[in-house]
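**Q** Fold the following, please.
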Amino acid sequence: MQFFSTVSVFSVVEQEFSMIRAVIAGAAGRMGLRIVNLLAAAEGIRLASAVERSGHAAVGQDVRSLAGLPSGGTAIAITDHLAAALSDGDVLIDFTVPESSLSNVRACSLSALSTPAAP
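**A** Here you go, the predicted structure:
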């Protein structure tokens, strides 16, 4: 019986490590919230962090709740600290304005996202 328990735990751990961790910039906007919903239903990718511009009213709020997802999942507070959010993710999905996108690309180039994964 213990063997099956160990196998199922291994499967969950293996699945977690194979998941792509996404960071969404512009997460509280119309399209950002739509992406949150799409990620919640997608396989192989999960929301790791959500970012908005400094001073945005949604900073500190749970992005899953703002997107209308049912309670029960892990709350993900919207942050205005892109560099910290990038350290939680593998990819950045940017739905901001062009000026912010350029700044976000620079931040990605300075973060772990720009470091190729080990083979």
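**Q** Which element, helix or strand, includes residue 35?
**A** Applying DSSP states H and E as the criterion places residue 35 in helix 30-41.
**Q** Could you give me the buried positions within that helix?
**A** 32-33, 35-36, 39 (16 or more other CB atoms under 10 Å). Quick note: C-beta positions are derived from backbone N, CA and C, even for glycine.
**Q** now do stretch 67-86
**A** Buried, per 16+ other CB under 10 Å, within stretch 67-86: 67, 69, 76, 78-79, 82, 85-86.
**Q** among these, which are in strands?
**A** With strands defined by DSSP state E, the entries of the buried residues of stretch 67-86 inside them are 78-79.
**Q** Among the buried residues of stretch 67-86, which lie within helices?
**A** 82, 85-86 (DSSP state H).
**Q** Going by distance to residue 94, which of the residues you listed wins?
**A** residue 82 (9.9 Å; CB to CB).
**Q** still on that earlier bit, for residue 102, state which of the buried residues of helix 30-41 is nearest.
**A** Scanning the buried residues of helix 30-41 for proximity to residue 102, where the rule is CB to CB, the winner is residue 32, at 17.9 Å.
**Q** can you give me the helices for the chain?
**A** Here the chain has its helices, by DSSP H, at 2-18, 30-41, 63-66, 82-86, 98-110.
**Q** mind checking how far residue 50 is from residue 22?
**A** 9 Å (CB to CB, to the nearest Å).
**Q** So these two - more neighbours on which side?
**A** residue 50 (29 against 21; other CB atoms under 10 Å).
**Q** so who does the residue lying closest to that one once chain neighbours are set aside touch?
**A** The shortest distance from residue 50 to any residue other than its chain neighbours is 3.5 Å, reached at residue 27 (CB to CB, 6 or more residues apart in numbering). Neighbouring residues of residue 27 by CB atoms under 8 Å, 6 or more residues apart in numbering: 33, 35-36, 50-52, 58, 63, 78, 95.
**Q** please redo it, this time with the cut-off set to 6 Å
**A** Listed by CB atoms under 6 Å, 6 or more residues apart in numbering, the contact set of residue 27 reads 50, 52, 63, 78.
**Q** Would you point out the most distant pair within the residues you listed?
**A** Farthest pair in those, by CB to CB: 52 and 63, 8.9 Å.
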